[in-house]
Structures are given as structure tokens and as C-alpha cells.
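*Asks:* here's a sequence, model it:
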Amino acid sequence: MIKIINIKKKSPADRQGLLAGDEIISINGMEVRDYLDYKLYSTDFPLEYIIRRNGETYSLIFDEEEDAYDKGIDVEDMKIKHCGNKCIFCFVDQNPTGLRKGLYLKDEDFRYSFLYGSYFTLSNIRDEDLKRIKQQHLSPLYISVHAAQKKVRMKLLGINYDDGFKRKLSFLTRNKIELHTQIVLCPGVNDGKVLDDTVKFLHSHHPYVLSVAVVPVGKTCHRDKLFSIDSFTETTSAVVIKQIESLQKVFLEKSDTRFVFAADEFYLKAGFKIPSKNYYENFSQYENGVGMSRIFLDELKRAKKTFPKAMKEKRNLLIVTGKSFYPVLIKHLLPELEKIQNLSAKIIAAENRLFGSSVTVSGLLCGNDIIHAVKQSNFQADKIILPDTCLNFDGIFLDDMTLPALKRKLKTDVEIFTKFSCLFD
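*Replies:* Numbers count the residues shown, from 1 in each chain. Predicted structure coming up:
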């Protein structure tokens with residue numbers, strides 16, 4: 001069952017007499033276990049709801065087509081299934097103390113993977129969950145693989161049992177559930193031949209395994225008593241890129257897709273040129289940091305044609321980014337801004353003081369990191385531009401600072417980059 005937490009006034013549900021606190025037992029005979037069931041089963045019509053109130057059950061029917069789209073019912077959220085792994089690279093274990101509770105949550109939930117594209121490992125999933133995925137055709141899903149070899153996978157996940165990964169993945173693909181997968185690469189653990197074997201195993205399940213993203217392990221300065229992992233260097237990043245490109249050539253011949261893709265961070269670390277748009281095919285791993293740089297560069301190429309030749313009055317523009325993307329902006333964006341008369345532009349790379357200097361992506365910059373970097377720049381900006389990745393959906397930085405609070409502390413107009421026109425608005 002699932003509990004109703006709110007009924008909108010004058011809605012179909014309100015006219016039916018539903019109340020907050022009522023429990024939905026089933027819809028058209030299908031048991032409603034959670035929010036996902038509710039969403040899947042309540043979009044048709046007519047709909048018969050079995051409702052429980054104060055221990056008694058009764059039925060009601062929504063038989064109008066428009067009722068299938070908005071009945072005016074808000075139901076409770078799902079309780080997140082927690083992760084039981086102890087991954088040697090887990091970023092949550094590397095968080096400093098004192099952050100908000102949500103940043104210490106380790107989720108492992110196929111329902112959230114289907115709804116929001118979050119990754120889970122399959123390690124804790126039960127056979128009844130697999131049957132539900134098949135029955136409801138929850139596709140696509142997003143799977144963290146890391147390694148296909150049993151012993152290596154156990155080491156990476158920090159577990160002492162065989163979690164049946166290959167059997168579970170085969171079940172999903174056999175039942176035509178599409179999967180996007182990722183490998184967090186740890187030097188000396190799952191790279192080299194292990195990476196080759198893992199990617200080839202996943203490709204053997206193509207076309208239902210759609211893609212593989214290979215991303216470098218992220219390390220903070222808060223790794224006391226945790227498993228020792230090396231960082232990727234310019235040399236080792238280049239090795240990974242060449243290995244992946246070698247696999248891509250084979251897959252292109254076999255199945256007309258590159259299938260496996262290296263995260264942008266490898267290219268930036270190695271100092272390699274960002275591949276063309278065609279390389280990334282349909283950008284299916286964009287949210288995993290695969291192809292973001294290419295999208296940015298292509299948008300810049302189009303947008304720079306619209307840049308003004310001059311500002312009406314002298315203006316100072318400051319752009320803040322992470323250390324990894326800084327060279328890209330210096331090489332490609334700054335020269336275009338310097339062409340604009342009456343505009344003085346500066347780009348700075350903010351050091352991550354919360355997680356440590358080894359964390360260089362802009363998405364993990366905190367409000368205080370940005371404030372420190374701006375003040376250290378000694379640049380009197382009229383406007384400051386920040387990357388959109390450093391804020392969550394609620395507009396909050398990782399250190400709980402809000403954008404309005406940051407503006408007050410900097411006493412400057414601050415804007416989040418969404419498109420190039422915001423530089424001049």
C-alpha cells in the first residue's frame with residue numbers, strides 16, 4: 001500500500017472524497033507497493049482504486065480520460081534502498097564530517113535508476129526484484145559494473161561473497177531490459193586486462209547493454225584508513241584512452257557502435273584533443289562526464305558568432321571553473337572574449353579546499369571554495385559566472401551555501417552558466 005499525503009482542492013480526487021492519510025491498496029487489481037507502482041498503474045482509464053481508511057476498505061472509480069493525467073493526488077515518496085557494499089573507491093566514505101545528511105546516503109535502488117538514471121551495482125538486488133523489473137519492463141537501467149571478474153569485483157565492492165552479477169545481468173538482457181553501464185577505473189585493480197575482459201563481457205550482451213562509460217576514480221583528501229589507490233597521471237590517462245580506442249575499433253566493425261567511452265577527464269588529464277561530436281554517437285553517457293566538453297566546444301563555436309563586438313561601457317567579467325576544465329576555457333573561450341572591446345575578462349580555476357587539490361572537477365566546488373578563489377584573484381568583477389554543475393537541483397552548493405548567500409558575501413552579480421548569452425545579458 002501507499003499513503004496519500006495531500007489532495008488538491010476541487011480535483012477529481014477531492015470530488016471523490018479522498019483524504020490525506022488514505023491508503024491506496026491496489027489500482028485495477030494491481031498491488032501498489034510504492035510510488036513507482038502508483039505512477040505505472042495510474043495513467044490509464046477507467047481506474048478502480050481500492051482504498052483503506054481507518055481499517056476499512058472501499059473502491060472508487062476514475063472513468064474520465066482527463067482524470068488519468070491529474071487526479072490531484074500526492075503520495076508519499078519511496079524509502080530508498082541502501083547500499084550494503086563497502087567499495088574501496090566509494091566517494092561517500094571520503095566525505096569530511098559536518099556536511100548535510102543526504103551526502104552520506106549510499107543508495108542502491110533499481111527504482112531510482114529507472115526513474116532518475118542513478119547507477120546501482122546489482123549486488124543487493126533479489127530475484128523478486130528481477131522479476132518485477134521484467135514484469136514492469138523497467139528499462140533502461142543504469143548499472144555500475146566496475147569488473148566482470150568475480151574476485152576483482154568482490155575486491156572493488158568490498159564484499160566477501162559472489163553477488164551473482166553475471167547471472168543477474170544476463171537475466172536482464174535476456175528479458176530485453178536495456179542497460180547503460182559504468183566502470184570506475186582504479187589503477188592497478190581493474191585496469192589493463194581486467195578492463196578489457198569486463199568491456200568485452202558487456203559487449204557480449206549488446207544490443208541490450210547499450211553503452212559503457214569508463215570514469216577515473218575520484219579521490220579526496222579524506223582517505224585516512226581507506227584502501228590505498230593511485231591517481232591517474234598524464235601518462236596513465238593516455239594509456240587508458242588508447243586502450244579504449246583500440247576496443248572501439250573492434251566494436252565498430254562488429255556492431256556499428258563504439259560502445260565504450262572514456263570520460264572527458266581522461267582526455268583533459270592526458271592533454272589530448274577532445275574528440276568530435278560523431279565520436280560520442282548519441283551522448284548517452286553525457287551525465288557521466290562523457291562528451292560534456294565536446295558539447296561545450298560545439299556550442300561555443302556557434303555562439304561566438306553572436307558575441308558583441310563591443311560593450312556599451314567598460315565591464316569586468318570573471319569566470320570561475322574547476323582546475324580540470326580551466327585549460328579548455330583558457331584556450332577556446334578567453335581569446336573570443338578578449339576580442340570584445342570594453343570587456344575585460346578573466347578565467348580562474350578554483351582549488352577544492354573541502355575535498356582536496358586532487359579533486360579538480362567543477363561539479364564538486366563548494367561555495368566557500370568559490371569565494372576564496374574570487375577574493376584571491378584580486379579582480380574587481382561586475383559579473384561572476386559559475387558552472388551550473390556546482391549547484392544541486394535545489395540551488396545549494398555542497399557546503400550547504402545557497403546562491404543568494406554567496407552573492408551577499410561576494411557583493412557582486414553572480415550568474416550560473418546555462419548558455420553563452422548569459423555572459424552578456
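*Asks:* shouldn't residue 210 be in contact with residue 182?
*Replies:* No - checked against CB atoms under 8 Å, the pair residue 210 and residue 182 is beyond contact range at 11.9 Å. Any C-beta I mention is one placed from the backbone N, CA and C, and that applies to glycine too.
*Asks:* domain ranges for the chain?
*Replies:* Domain segmentation of the chain under automatic domain parsing yields 2-75, 92-297, 307-423.
*Asks:* which one of those lies closest to residue 83?
*Replies:* Evaluated over those, closeness to residue 83 peaks at domain 92-297, with 3.7 Å, by CB to CB.
*Asks:* and the closest one, how far out from the chain middle?
*Replies:* Centre-to-centre, domain 92-297 and its host chain are 12 Å apart (CA atoms, centre = their mean, to the nearest Å).
*Asks:* first to last residue in that domain, what's the distance?
*Replies:* One end of domain 92-297 sits 31 Å from the other (CA to CA, to the nearest Å).
*Asks:* quick one: mean pLDDT over it.
*Replies:* Averaged across domain 92-297, the pLDDT comes to 95.
*Asks:* what ranges do the strands span in the protein?
*Replies:* 2-7, 23-27, 30-31, 47-53, 56-62, 73-75, 141-144, 179-185, 209-216, 260-262, 310-321, 341-349, 383-387, 413-417 (DSSP state E).
*Asks:* helices and strands around the longest one, which ones?
*Replies:* Applying 3 or more CB pairs under 8 Å, 6 or more residues apart in numbering; DSSP states H and E, one finds that strand 310-321 contacts strand 341-349, helix 367-377, strand 383-387.
*Asks:* partners of that strand, with directions?
*Replies:* strand 341-349 (parallel), strand 383-387 (parallel) (DSSP bridges).
*Asks:* out of those strands, which is closest to residue 249?
*Replies:* Comparing these by CB to CB, strand 383-387 comes nearest, at 33.5 Å.
*Asks:* related to what we said a few turns ago, would you list the domains of the chain in a markdown table and tack on distance to residue 82?
*Replies:* Formatted as a markdown table, the domains of the chain follow (distance: least, CB to CB, whole Å):
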| stretch | distance to residue 82 |
| --- | --- |
| domain 2-75 | 15 |
| domain 92-297 | 6 |
| domain 307-423 | 20 |
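*Asks:* just to revisit the earlier point, redo the strands paired with strand 310-321 as TSV? Include distance to residue 146 and mean pLDDT.
*Replies:* Below are the strands paired with strand 310-321 laid out as TSV (distance: least, CB to CB, whole Å; pLDDT from 0 to 100):
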stretch	distance to residue 146	mean pLDDT
strand 341-349	30	96
strand 383-387	28	95
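*Asks:* single out the most deeply packed of these.
*Replies:* Sort the strands paired with strand 310-321 by mean neighbour count, taking mean count of other CB atoms under 10 Å, and strand 383-387 sits at the top with a mean of 21.
*Asks:* so what touches it?
*Replies:* Strand 383-387 is contacted from outside by 315-322, 325, 362-363, 365, 370, 374, 410, 412-417, 422-423, using CB atoms under 8 Å, 6 or more residues apart in numbering.
*Asks:* residue contacts, residue 55?
*Replies:* No contacts exist for residue 55 under CB under 8 Å, 6+ apart.
*Asks:* try residue 283
*Replies:* 290, 291, 295.
*Asks:* tell me the buried residues within those residues.
*Replies:* Those of those that meet the buried threshold are 290, 291, by 16 or more other CB atoms under 10 Å.
*Asks:* could you list which of the contacts of residue 283 belong to helices?
*Replies:* Within the contacts of residue 283, residues falling in helices by DSSP state H are residue 295.
*Asks:* report pLDDT for the closest residue to residue 41 other than its chain neighbours.
*Replies:* Distances taken as CB to CB, 6 or more residues apart in numbering put residue 27 closest to residue 41, at 4.1 Å, once the chain neighbours are dropped. pLDDT for residue 27: 93.
*Asks:* do residue 69 as well
*Replies:* On pLDDT, residue 69 comes in at 67.
*Asks:* what are the buried residues along stretch 351-359?
*Replies:* Neighbour count says stretch 351-359 has 351, 352, 353, 354, 355, 356, 359 buried, by 16+ other CB under 10 Å.
*Asks:* how far does that stretch stretch from one end to the other?
*Replies:* Note: stretch 351-359 ends 8 Å apart using CA to CA.
*Asks:* can you name the residues in contact with that stretch?
*Replies:* By CB under 8 Å, 6+ apart, stretch 351-359 touches 94, 96, 218-222, 231, 322-323, 360, 364-366, 368-369, 372-373, 398-399.
*Asks:* try 7 Å this time
*Replies:* With CB atoms under 7 Å, 6 or more residues apart in numbering as the contact definition, stretch 351-359 has outside contacts at 96, 218-221, 231, 364-366, 368-369, 372-373, 398-399.
*Asks:* what about the closest residue to residue 80 other than its chain neighbours, how many residues nearby?
*Replies:* Excluding the flanking residues, the one nearest residue 80 by CB to CB, 6+ apart is residue 107, at 4.9 Å. By other CB atoms under 10 Å, the residues close to residue 107 number 14.
*Asks:* centroid-wise, who is the farthest residue in this structure?
*Replies:* No residue in the chain sits farther from the centre than residue 56, which is 42.9 Å out by CA atoms, centre = their mean.
*Asks:* okay, and the beta partners of that residue?
*Replies:* residue 53.
*Asks:* distance-wise, check it relative to residue 5.
*Replies:* Note on residue 56: its distance to residue 5, by CB to CB, to the nearest Å, is 20 Å.
*Asks:* repeat that for residue 115.
*Replies:* Distance, residue 115 to residue 5, by CB to CB: 18 Å.
*Asks:* need the strands paired with strand 310-321 in a markdown table with distance to residue 279, can you?
*Replies:* Output for those, formatted as a markdown table (distance: least, CB to CB, whole Å):
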| stretch | distance to residue 279 |
| --- | --- |
| strand 341-349 | 26 |
| strand 383-387 | 23 |
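*Asks:* for residue 126, which of those strands is the nearest?
*Replies:* Comparing those by CB to CB, strand 383-387 comes nearest, at 39.5 Å.
*Asks:* quick one, that closest one and strand 413-417 angle?
*Replies:* With axes from the mean of the first three to the mean of the last three CA atoms, to 10 degrees defining the directions, strand 383-387 sits at 30 degrees from strand 413-417.
*Asks:* please list all residues in contact with residue 409.
*Replies:* residue 371.
*Asks:* tell me the pLDDT at it?
*Replies:* Note on residue 409: pLDDT of 95.
*Asks:* out of the contacts of stretch 351-359, which is nearest to residue 282?
*Replies:* Checking the contacts of stretch 351-359 against residue 282 by CB to CB gives residue 218 as the nearest, at 25.5 Å.
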